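> Need a 3D model of the sequence below.
(chains A and B)
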Amino acid sequence: MGTHVFSCRKIAAGKAEGEILISKDDICFYLTDPESGKIIEEGHALDGVDISGKILVFPAGKGSSSVNLDGLYQLMTHGKCPKAMIVEYADAILVTCAILMRIPTVDRVPAGFYELIRDGARCRVDAGGGEVTLL
Amino acid sequence: MRLTEREEAVLGGAEGAGAALAMEILAGIGEVMEADVMVPVSRAHVSASAQEADLWFAEKMLGEGARTRICATVNPSYDVGYFRGSGFITEGEAELAEKCASAYEKMGFIMNLTCTPYFDGNLPGLGEAAAFSESSATAFVNSVLGARSNPESAQSALCSAIVGLTPRYGLLLDENRKATMIVNAEAGAADEFDFSVLGWAAAKRIGRGVPLFRGNFRATPEGLMNLGAELNTAGRVPLFHVEGATPEAAAALDGAKITDEITITREETEAVKESFAEAYTGADGVLLGCPHYSLEQIYRVHRRLAGRSANIPVWILTSSSVVSMINKLPLGRELAEAGVSVVGDTCVDQPCWHKLRGMRLLTDSPKCFYYTSRRSLRFWVMPAERCIDAALGPRR
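Residues are numbered from 1 along each chain as shown, chains lettered A, B, ... in the order given. Down below sits the predicted model:
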C-alpha cells in the first residue's frame, strides 16, 4: 500500500504518529481505567481495549465536561492517553479536553480515509499542517 | 473565525499564559462551531466539580496568572465547615473541595457557590451575551431572562470569565432562538411543583428542539426555574419559551419553522406524579432546594411549619448569601428551633450525603431524586407542602 495523504481540520494542535484504533461508538473518557488505558464501558465496541498510545479514530465524544476532562486527566497522569484523535463530530467539550491535554486532534477527514483504514495500520497526524497521512 | 488585534495579542501571551490558554480554548471552540467573531460577555457562571481534573485546571490557570475580568460565579460543592467532623465526608474529600474553592477564589471568582446565581447577584439582562455552565442556570438565563448563553462546559465558562469573551455561535444568534416545536400542556401549571412535573414529562419528547409551551400557566421565577431544571435533567433543553410568561415567547414564533407539535396530556402528568410517590411508606428525612431555594421558597416552608417542629431531619439547600440573610432575621432562629437546617454552598450531588443511605427521603425535586439515585439514595418526590406535612407528622 502506498502513502495516502488526506486533508483535515485542526481541533487541537500537534503532530503524532502511531497505530490506528477504530471505535464505531462514541467515547466517554470517564469510562476508562487509568491504570491500564482500557475502556471499561459495558457494551462499548472497545470494551476492554487499551486506547493508550493509539491514534484513536471515533465518531464523537459523549458525557459532561467534568467527567470527560477528569477521565482524560486520569489517563494523562498515568501516561495512558491516546497519541492523537481523529473524530467525525467535534463538540465544545471534546475541543476543550483535547486542547487542555495537548492531544493532537482533527476532524473533517475525507471519506476515502475511512474506507482505507483498519486497526493496527500506521498513520501520521499533523493537525497544524491539516494533513493525515496513512503510512 | 476572525480575531481582533487584542484577541490575537491575548492568544500570543500579552495577558499571561493563563489568559493565552483560555483564548486558545475559546478560539478552538469557535473554529469548530464556525463562529465568525468573539463577542464580549460581562457575566459567567462556572459549574466547578471539585474533581481532581477540576483542581488541576483551576490551579494551573491560577499559577499562570489567570484572573477573572467579569462578574463570575461558581456552582455549589458543599459547605465543608458544616459537614466536616459530622461523619458525612472524609478528610480527603474535604481537602479537595477546599483546595478547589481556594483556587477559584484566588482567581477572582465570586464564591457564592450556588446553582441559582441569577437569584444572587449574577443576573444577565435581556439580550445580554453571557457564558453560563450548569444546565439549569443556562436554561434560566436564556429562557426566563432572555439573555444569551450557549450551554457552556465548566472549562469554557471559566475561560470566558478570564478573557471576557465567547465565540458567537448557537444560542447567541437570533435565528437559533426561534421556536422549533409547540408543546401543548393540557394540565397547564398552577404551582412550582406542576412546572417540575411538566418539565420531567416533556423533556424526553422534546429532543433537541426549542420548545414553546402553551397552556394555562401561573408562572413564578421559581416555577420557571423548575421547568428548566427538569427539562435539563430528563433531557437537554438550554432554551425554552412559555407563552405569556417568558420575554422572547412572541418573537420566538416570528418567522419560526415549527416542525413538530406535541401534547402533554393530563394523564401523562398525573402518571408522573403517581410514579414519584409510588410505594411511599413514610419518611425519615426531607431534603429541599434542588435547584437552590430562593428566599421566598424558604419563607413558604416557614409558613407551612406555622410554629410547629419537624419530627425528622429537614435540610434546605440554598446560596450562602440567603443563609446569611435569613440568619439576620427571626426566620433563621425559628427554622433552627423547628429542626430545619438551612445549608449553604451545597449540592445534592456531592459525596457529603453518604449517611442518608438506607433512609426513606422526601424531596420536591425530580432532579434531586434523579442525581442522588446514582449515589444509592432513595427519594420520593412530592410537593414541598406535602414534604413538610410529612416532617410534622406523628413521630414514628
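> OK, contacts around residue 104?
Using chain A here. Contact partners of A:Pro104, counting by Cβ atoms under 8 Å, 6 or more residues apart in numbering or on different chains, are A:Ala12, A:Ala13, A:Gly14, A:Lys15, A:Ala16, A:Lys83, A:Ala84, A:Met85, A:Ala98, A:Val125, A:Asp126, A:Ala127. C-beta coordinates here come from the backbone N, C-alpha and C atoms, glycine included.
> my question was about chain B
Contacts of B:Tyr104 (Cβ under 8 Å, 6+ apart): B:Val46, B:Ala48, B:Ala58, B:Val74, B:Met111.
> The first one and B:Ser153 touch, don't they?
If I follow you right, that is B:Val46. No. Applying Cβ atoms under 8 Å as the test, B:Val46 and B:Ser153 come out as separate, 9.5 Å apart.
> Of these two, which one has the most company?
For the pair B:Val46 and B:Ser153, the greater number of neighbours falls to B:Val46 (30 against 27), based on other Cβ atoms under 10 Å in any protein chain shown.
> Need phi/psi at the more buried one.
Backbone geometry at B:Val46, expressed as degrees, to the nearest 10, gives phi -110, psi 130.
> mind checking pLDDT for it?
Per-residue confidence for B:Val46 comes out at a pLDDT of 96.
> can I see the domain layout of chain B?
Structurally, chain B divides into domains by automatic domain parsing as follows: B:5-174, B:178-274, B:277-395.
> Just name the most buried of those domains.
Looking across those with neighbours counted as mean count of other Cβ atoms under 10 Å in any protein chain shown, the highest average goes to domain B:5-174: a mean of 22.
> Point to the helix or strand of chain A where mean pLDDT is at its lowest.
Lowest mean confidence among the helices and strands of chain A (mean pLDDT, DSSP states H and E): helix A:65-77, at a mean of 88.
> Put the alpha carbons of that one into PDB.
These are the backbone C-alpha positions of helix A:65-77, laid out as PDB (Å, rounded to 0.1, in the frame of the first residue of the first chain):
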ATOM      1  CA  SER A  65     -17.400  18.300  30.500                       C
ATOM      2  CA  SER A  66     -16.400  17.500  34.100                       C
ATOM      3  CA  VAL A  67     -16.400  13.700  33.600                       C
ATOM      4  CA  ASN A  68     -14.600  13.800  30.300                       C
ATOM      5  CA  LEU A  69     -11.900  16.100  31.400                       C
ATOM      6  CA  ASP A  70     -11.400  14.100  34.600                       C
ATOM      7  CA  GLY A  71     -11.300  10.900  32.600                       C
ATOM      8  CA  LEU A  72      -8.600  12.200  30.200                       C
ATOM      9  CA  TYR A  73      -6.700  13.800  33.000                       C
ATOM     10  CA  GLN A  74      -6.500  10.500  34.900                       C
ATOM     11  CA  LEU A  75      -5.300   8.800  31.700                       C
ATOM     12  CA  MET A  76      -2.700  11.600  31.200                       C
ATOM     13  CA  THR A  77      -1.300  11.300  34.700                       C
END
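> returning to that earlier point: same list (the domains of chain B) but as JSON lines, adding distance to A:Ala90.
Compiled in JSON lines, the domains of chain B are given as follows (distance: least, Cβ to Cβ, whole Å):
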{"stretch": "domain B:5-174", "distance to A:Ala90": "5"}
{"stretch": "domain B:178-274", "distance to A:Ala90": "17"}
{"stretch": "domain B:277-395", "distance to A:Ala90": "27"}
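> Now do the same contact list for the residue nearest to B:Ser365 when sequence neighbours are not counted.
In space, B:Ser365 comes closest to B:Cys290 once its chain neighbours are excluded; the distance is 4.1 Å by Cβ to Cβ, 6 or more residues apart in numbering or on different chains. For B:Cys290, the contacting residues are B:Cys115, B:Ala229, B:Leu317, B:Cys347, B:Val348, B:Thr363, B:Ser365, B:Lys367, B:Cys368, B:Tyr371, taking Cβ under 8 Å, 6+ apart as the criterion.
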